[in-house]
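Q: Got a sequence here, can you build the structure:
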Amino acid sequence: MAASPLMAPAGAQRSLPAVQFSKLAVPVVPKAQLARSAIVRAMLDADPARLVLLRAAAGFGKTSVLQQYQAAARAQGRAVLWLNLDEGDNDLSRFVAHLQAGVDQQLGAGVELVVEGAGMAQGLCQRLGAHGQPFAIVLDEFEVLQGAAALGFVQQLVDAMPAHGSLVVASRRAPALGLGRLRARGQVLEFGPAALRFSLDETASFLREQQHLQLRDADVATLHRCTEGWAAAIYLATLSLHTRSDPASFVASFSGSNLELAQYLAEDILARQSEACREFLLRTSVLDRFCAPLCDAITGRSDSAAMIDELERANLFIDRLDADGGWFRYHNLFASFLRSRLGHLHPDEPRALHRRAAQWFLGVGRAVPCVEHLLRAGAEREAVAHIAHCAPALQEAGRVRLLLRWLDRLSPEAFEQAPSLGVVHAWALALHRRQDDAMHALDRALAAPAPPAQAQRLSIEAETVRCMVLATSDRIEECCESGLALLDRIPAESSFQYGVMTNSLAYGLVSTYRYDEARQVLSRAMLRGAQRRDGIMRSVADVMEGIIDLLQGRLGNALARLQTAAERPAPGTGDATGAKASVDVSLAWALYETDALAEAEALLQGALPSVRATGPADSVITSFTLLARMAHERGEGDLSLRLLAELEQLGRDAGLPRVMCSAWLERCRLATLDGRFDAAQQSLRVAELCADWERAGVSMHANDVDTPSIARARLRMAQGDCADLPQRLRLAIDKAGAVQRHRCALKLRVLLALCEHRLGHVDEALESLDEALRMGGHEGFARCFLDEGEAFASLLSVWLARRGAQADRPGMSSGFIDTLRVRCGLPADLEDPLPAGDAESLQAAGSAENLSGREFQVLRLLAEGHRNKAIAEKLFLSEFTVKSHLRNINAKLAADSRTAAVAIARRRGLIA
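A: Okay, the predicted model is just below:
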C-alpha cells in the first residue's frame, strides 16, 4: 500500500490516510456475464442527471451493470473513476483520500489544495466542478456509507457535478442523498429492482448462450417465473442444472430451500439484519401479501408499520403492491427460504401463525385468504364450512382454479361433511380437462349420506355437471339425452346450474346439426334470466350462437356477434378470463376465415395461457391449429411443429383422442401441401388410430372441415389417386347441405374443383370453382380457398385466364376474387397457363408415370433449360413449390437429378 500525495501547502507536514489502490480497481468481469445493453445505454444518455442510482437487494447484478457501463463509457472517451466502498469510508478523510487518488489516476494530477477533512472535501468538489472533459465517478457497495459526514460530502459532490460529469452509485438500500430534491429537479436517473430484473428473453439468453444450458422454452419460463428475474438466483440455479440429467424436474422444484440459494440468502442477506428484523421476516413469511395491521395481528407486535418501512428502504426483497393501501409481498424465493427456515427453527409456529392470519382476514370480511390460511393451518373442518358458504359465488365469478386448488387438498372425509362440494369439485375438474376425475367426484358426491330433500337437489346438480362432462368428453349423444331430460327439472332459483346445463346441451345439439333446437335452448335460458345474471354463461352463449352462424355459412353474422361479445366488459374476476378466452378464440377463428391473419393471431396469442390451462377441446384445437398454420405460412416451420407437438401433448395429458388426432391431421395437411407425401401418409395413419370421434351424425365444430376422411381425400388428390373422389365429394356436399353445414359444403366444393382439375377435367373444375366462388365470396370465406395452397393458386390462374372477365356477373364478388388473386401472388392480366385440351393430353400422356398436369408443365419448362426461378414466374408458383414438384418428378421417374429426369422423360416419349 502506498500513500497518495494529497495536495497540501508547501512545507506542510501531516499524517495522511493510506490509500489502498485495490479499492480503485474495477472488479474482474466474469466470463459468463449477460449484456445489459438497454440499461447501459440509458446510463450513458443520462446527461441531465447528476446522479445515476442502481438500487436493489443483493444479487440483482448491480456490479455487473457498473462494469459494463465503465467499459462502454471508456470506449466513448469518458474518464471513469471506480471506487469500491467499505465501512472504513465512513471516515471522511479516508473516503476523500481514495477519491482524490482516483481523480489523480483517471483525470490527471491537479493543483495542490488544502488538506483538512472538510476543506479537502471542498477542494475536491471544486476541482471536479472545474474539470473540462466528460467523466464519471462509480461508487459500488454504497449502502456501507452511514456516517453523516460522508453522506453530506456525497451530496456536495452531486451538487458540484458539471453537466458532463456523472456520479454513478450502486446500493442495496435507498441512500440518504436528498433523493426527493434531486427527483424534483430531474437530476437523478434511478434503476430499481424492476428495471434490474432479467426479462424472459434475457433469462433465456443467459442460460443458453452464457451457461450453455439447452433448456426447453417451458423450463426457461418456469425458472424465470419462480426467480422473478433475480440474477443471483438464476445463476445459483445453473450450478445445479449443470449436474442434472433431468433439468425439467429440477426447475419445477426450484425454491428458496435449494442448498446454494439458501446458503447465499442466509449468509449474505439474513445474517446482516438485526435480531428483531430476522424474527419479523421469519414470522411474516407465512403471508402471501401483508399490511402492517395483519403483521401486528400474527406477530403480537405494534411496530410493524415502522419495520415494513425499514425493509422497504433497505430493498430487502419486498415489493409494494399498491400505491396507497400499504400492502406488500416478499420476493417468491426469499419468502420460500424464510418459510423453510421458520419451519426448521420453530416447527410449531407456522400453523399458529396461519390460524391468527385466518382470524384477522375473517374479521375484515376476506373469506378467500381466510380459507387459504385455515387450510395451511390444517384446520380442515373450519375451512370446509367457509368453502361451502362461498362456493356458489366463486362459481358464478368463474374462480375455477381457486376452487380446484382448495378442493384438491381436501380429504375424502371433508366431502362427507359437505357433499355439495363434491359436485363443485367435479365441475372444476371438468373445466380443467380432468374428465375421469370429475366422474369419480360425482359418484362420490352421490354416494355420500344426505337427507332426502338435500339428496334430490344434489342429484339434479350432479346430473347437470355430468351433462357438461359428457360434452367435454366428446360423448355427444349421451350429453344430448341427459340434457334434454334435465331441461325441466332444474329449480327456477338454480340459475347457475341451468346455465351450465343449457350451454352443454346447446353444444351437443350443435354437434349433431340440430341448430334450431340449440338456439331454442339458449333463448329459453335467456328468457329464464340465467344468462342475464351470469356474465360468464352469457359469454359462452354468445360463442355458441357465433359458432352456429359460422357453421351455417353466415360469416358476417358470426363476426358481428362475436365482436360485440368481445367488446362487452369481461364478466366477474379471476378465472373469468376463461370466458373471455372462449370469445376471443371464436372471434379469431372468424377473422381467420376472412384472411385477417394478424388480428386473428393477436387474439389467439392473448388467449393462449387460458386455453392451455382450462380451455375445452375445441378451443385448444382451434388455437393451436390456426397458430401452427399461420406460422407455417410465414415460413416458421420449427414454430409450427412445436405448436403441434404441444397440441398433441395437451391431448395426451387430458386423455382426449380428438385433440391428439387434430395435431396429426394438421401435420398431414401441411406435409401434403409441401409435397412430402410419405410424411403425410405416416401422419394420417397415426391420426386414424385415434379417430373414433369421427362418426355419422356428429361433428364437433373445431373439426368441421378437418377430419381424417377429408385429410385422406386431400392426400389422394395430391398423389393423383383420385378418380373415384368426385362422386364421393358430391355426395358429401349434398349431405352437408341437407343439415345446413354450409361452411363444410363450401370446403368440400373447393376440394371437388381441385380434384377435377387434378384429373384434367378442366371445364368441370371451373364450373365447380364458379359455384364455390359464389358461395364463399358472398360471406368472405377466403381461407376455405387459400388453405389449399398452390393447388388452388394453379386452378385460380386458369379460372382467371378463362373466366376472369366474368367476375362481375351476378352472384360473384369481384373484390373477393381479386383478394384471392393477390394473396395467391397472381398478376392482374393472365394468359391461360393450361390451354384448352392441353390438360387432357398431358394427363393421358402421363397416366403411366402418374405425373400430374402441373408436374408435366414443370418438366417441360425444365427441358427447355429454365431454372427454378424462371419456372416459378412462368407458372405463378413459389420457388418452394417448384422444388416440391421437382422432387415428385424425380421420385416418379426414378431419377437422381434434374438432368436425369429430363433424359428419362425424353427416352420414354413424355416430352420432345
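Q: counting residues per helix, which one in this structure is longest?
A: Ranked by residue count and defined by DSSP state H, the top helix of the chain is helix 452-472.
Q: Show me what the following helix or strand past that one is packed against.
A: Counting by DSSP states H and E, the element after helix 452-472 in chain order, helix or strand, is helix 476-486. On a contact count with 3 or more Cβ pairs under 8 Å, 6 or more residues apart in numbering; DSSP states H and E, helix 476-486 meets helix 452-472, helix 495-511. C-beta: built from backbone N, CA, C; applies to glycine.
Q: Of those, flag the one that's most buried.
A: Of all the helices and strands packed on helix 476-486, helix 495-511 carries the top mean neighbour count, a mean of 26, counting by mean count of other Cβ atoms under 10 Å.
Q: who's in contact with stretch 547-564?
A: Applying Cβ atoms under 8 Å, 6 or more residues apart in numbering, the contact partners of stretch 547-564 are 510, 515, 518-519, 542-543, 545-546, 583, 586-587, 589-591, 593-594, 701, 704, 740-746, 775, 779-781.
Q: now the end-to-end length of it.
A: End-to-end distance of stretch 547-564 (Cα to Cα, to the nearest Å): 14 Å.
Q: ok, now stretch 729-749?
A: First-to-last residue span, stretch 729-749, Cα to Cα: 8 Å.
Q: ditto for stretch 166-183
A: 15 Å.
Q: Show me how far that stretch is from its chain's centre.
A: Remark: stretch 166-183 is offset 37 Å from the chain centroid, using Cα atoms, centre = their mean, to the nearest Å.
Q: buried ones in it?
A: Under the neighbour-count criterion of 16 or more other Cβ atoms under 10 Å, stretch 166-183 has 166-175, 177-179, 182 buried.
Q: cool, stretch 377-397 as well?
A: Residues 377, 379-380, 382-384, 386-388, 390-391, 394-397 are the ones in stretch 377-397 that count as buried (16+ other Cβ under 10 Å).
Q: Then stretch 40-55?
A: Buried, per 16+ other Cβ under 10 Å, within stretch 40-55: 40, 42-44, 46, 49-55.
Q: and if you look at stretch 899-912?
A: 901-902, 904-905, 910.
Q: before we move on, what about stretch 600-615?
A: For stretch 600-615, the neighbour count (16+ other Cβ under 10 Å) marks 600-601, 603-604, 606-608, 610-611, 613-615 as buried.
Q: Include distance to V368, secondary structure and pLDDT when you put those residues into a markdown table, please.
A: Shown next, in a markdown table, are these (distance: Cβ to Cβ, whole Å; DSSP: H, G, I helix; E, B strand; the rest coil; pLDDT from 0 to 100):
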| residue | distance to V368 | secondary structure | pLDDT |
| --- | --- | --- | --- |
| A600 | 36 | helix | 97 |
| E601 | 35 | helix | 97 |
| L603 | 30 | helix | 96 |
| L604 | 31 | helix | 96 |
| G606 | 26 | helix | 93 |
| A607 | 25 | helix | 93 |
| L608 | 27 | helix | 93 |
| S610 | 20 | helix | 90 |
| V611 | 25 | helix | 93 |
| A613 | 19 | helix | 87 |
| T614 | 19 | helix | 87 |
| G615 | 24 | coil | 90 |
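Q: and of the residues you listed, the nearest to F191?
A: For the buried residues of stretch 600-615, the closest approach to F191 (Cβ to Cβ) belongs to G606, at 29.6 Å.
Q: For the closest one, give me its contacts.
A: G606 sits next to D584 when contact means Cβ under 8 Å, 6+ apart.
Q: start the count at 43, not 1, going forward
A: Sure thing, new numbering starts at 43, so read that last one as G648.
Q: that older thread, can you say which of the helices and strands packed on helix 518-528 is nearest to I931?
A: I931 sits nearest to helix 537-553 of all the helices and strands packed on helix 518-528, at 43.4 Å, using Cβ to Cβ.
Q: Following element in sequence after the closest one, please.
A: Heading C-terminal from helix 537-553 (DSSP H and E), you reach helix 557-570.
Q: May I have that next one exported as PDB, CA atoms only?
A: Extracted in PDB, the C-alpha atoms of helix 557-570 (Å, rounded to 0.1, in the frame of the first residue of the first chain):
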ATOM      1  CA  TYR A 557     -79.000 -25.900 -34.800                       C
ATOM      2  CA  ASP A 558     -82.600 -24.700 -34.400                       C
ATOM      3  CA  GLU A 559     -83.000 -26.700 -31.200                       C
ATOM      4  CA  ALA A 560     -79.700 -25.300 -29.900                       C
ATOM      5  CA  ARG A 561     -80.900 -21.800 -30.400                       C
ATOM      6  CA  GLN A 562     -84.200 -22.600 -28.700                       C
ATOM      7  CA  VAL A 563     -82.400 -23.900 -25.700                       C
ATOM      8  CA  LEU A 564     -80.200 -20.800 -25.500                       C
ATOM      9  CA  SER A 565     -83.200 -18.500 -26.000                       C
ATOM     10  CA  ARG A 566     -85.000 -20.300 -23.200                       C
ATOM     11  CA  ALA A 567     -82.100 -19.700 -20.900                       C
ATOM     12  CA  MET A 568     -82.100 -16.000 -21.700                       C
ATOM     13  CA  LEU A 569     -85.800 -15.700 -21.000                       C
ATOM     14  CA  ARG A 570     -85.400 -17.500 -17.800                       C
END
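Q: how close does the residue most central in space within the chain get to G657?
A: The centroid of the chain falls nearest to P651 when counting by Cα atoms, centre = their mean (5.4 Å). Here P651 is placed at a distance of 10 Å from G657 (Cβ to Cβ, to the nearest Å).
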